[in-house]
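>>> Build me a model:
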Amino acid sequence: MKVLVLFDVARPGTAGETFSPRVLKEEEDKQTEADVLSCLEKLGHQVETLAVFDDVVSIVEKLKEFTPDVVFNLTESFHSNRAHEPNIPALLELMRARYTGAKPDGLILCKDKALAKKVLLYHRLRVPHFVISPESRPLKRLRRFVFPAFVKPVSEESSDGIAKASFAKSEEEALERARFIHEKFQCDALIEEYIEGRELYVSVMGNSKLTVFPPREIFFEQMPEDEPKFATFKAKWDDTYRKKWGIKNGPARELPPGLQDKLTRLARKVYRVLKIRGLGRIDVRLTAGGEIVIIEANPNPSLAREEDFAQSAAAAGVDYEQLIQKILDTAGA
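Presented below is the predicted three-dimensional model:
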């Protein structure tokens, strides 16, 4: 197949610029893109790359020139603004190009965490109780809110804006964190019920027919027992910090009887309700009492070989090359 790997960079590109797996990994710090490109080449596909920053015309011209069978869409932003992520697949649809991953409607739903929670609530799915502090008119009181709370940006991803200070024990702490989010990220703040429990990640792949892979879990082996445990930005991406506190991702520990099936059914329903296509990851909390609470849904999760999605697929017997080929096969227009 002729495959165009489309991804974003934080700088203007140059005419005719191409990327190898080594350049993507070592010079651009793009492990996912490097792994996917390397795999596609290993599978024998005819592959070309296009880095996107602020030029729509370059995408149109590349599609006309290369005429790919499939666009492997790894973009997350345009002009370094992640709010524009849905616009890239929208453009691909206008060009009638087949592409991998989420459609614009699924991205729009999931990127607005408050909107996604409202949709899930409508379908009677359990999410944390929450309120929104609008950037344009920040909340001054949190009436009848039960603490502790968890405060995060409505529209950021990859745990951006999540730190230890996101855990708020009082109204004062929650509103102060919300003000910080308004100022730093120029967006609304989501103030939600903090759910104590295990954090599980359930990976799903497909369109009409869905495959749910075995759940993964994040472990905090060296953190004090009485300290709240959640995936901050540093806990996800800072290797030194992860090593210091024994933070690891791995196959979920043994689950209570019947819970695996319940997780699978729930992941399928969330995936469909939020219009995710191609692949997605559903993040949940499992309380000590066995209640599953949906934290958020992630369309187009990281496809790096060592990240949760690929590792979850591997646990189900789907190796990395098979996974990437399956994603190509499920691409739609």
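
>>> Pull the number of nearby residues for the closest residue to Asp105 other than its chain neighbours.
Spatial nearest neighbour of Asp105, excluding adjacent residues (Cβ to Cβ, 6 or more residues apart in numbering): Lys275 at 5.0 Å. (C-beta placed from N, C-alpha, C; glycine too.) Lys275 has 18 neighbours, counted by other Cβ atoms under 10 Å.

>>> My read is that Val131 contacts Ile191, right?
Yes. The pair Val131 and Ile191 passes the contact test of Cβ atoms under 8 Å, sitting 5.2 Å apart.

>>> Find the residues that touch each one of the two.
Listed as contacting both Val131 and Ile191 by Cβ atoms under 8 Å, 6 or more residues apart in numbering are 139, 142, 145.

>>> Quick check on Val131 and Ile191: which one has the bigger neighbour count.
Ile191 (25 against 18).

>>> Please identify the helix or strand for the more buried one.
Using DSSP states H and E, Ile191 falls within strand 189-193.

>>> Quick check, pLDDT for Arg82.
Per-residue confidence (pLDDT) for Arg82: 89.

>>> what pLDDT does the residue lying closest to it once chain neighbours are set aside get?
Distances taken as Cβ to Cβ, 6+ apart place Glu76 nearest to Arg82, at 5.9 Å, with adjacent residues excluded. On pLDDT, Glu76 comes in at 94.

>>> now Ala231
On the pLDDT scale, Ala231 gets 89.

>>> residues touching it, list them.
Contacts of Ala231 by Cβ under 8 Å, 6+ apart are 159, 162, 199, 218.

>>> Tell me if I'm right that the second one and Trp237 touch.
It refers to Ile162. No. Contact status for Ile162 versus Trp237: not in contact, 11.0 Å apart, counting by Cβ under 8 Å.

>>> Now the helix or strand harbouring Leu175: buried residues?
Per DSSP H and E, Leu175 falls inside helix 171-185. The neighbour-count check on helix 171-185 (16 or more other Cβ atoms under 10 Å) flags 171, 173-175, 177-182, 185 as buried.

>>> I'd like these as a markdown table, with distance to Pro68 and pLDDT appended.
Converted to a markdown table, the buried residues of helix 171-185 look like this (distance: Cβ to Cβ, whole Å; pLDDT from 0 to 100):
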| residue | distance to Pro68 | pLDDT |
| --- | --- | --- |
| Glu171 | 53 | 96 |
| Glu173 | 50 | 96 |
| Ala174 | 48 | 97 |
| Leu175 | 49 | 97 |
| Arg177 | 44 | 96 |
| Ala178 | 44 | 97 |
| Arg179 | 46 | 96 |
| Phe180 | 43 | 96 |
| Ile181 | 39 | 95 |
| His182 | 41 | 96 |
| Phe185 | 35 | 92 |
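
>>> and the residues you listed, which two are the farthest apart?
Glu171 and Phe185 (21.1 Å; Cβ to Cβ).

>>> Which parts of the stretch 201-333 of the chain are helices?
Using DSSP state H, counting those that start in this stretch, the helices assigned to the stretch 201-333 of the chain run over residues 233-237, 239-245, 259-273, 308-315, 320-329.

>>> Could you list every helix and strand in contact with the fourth one?
What that stands for is helix 308-315. Packing partners of helix 308-315 (3 or more Cβ pairs under 8 Å, 6 or more residues apart in numbering; DSSP states H and E): strand 198-206, strand 216-220, strand 247-251, strand 278-286, helix 320-329.
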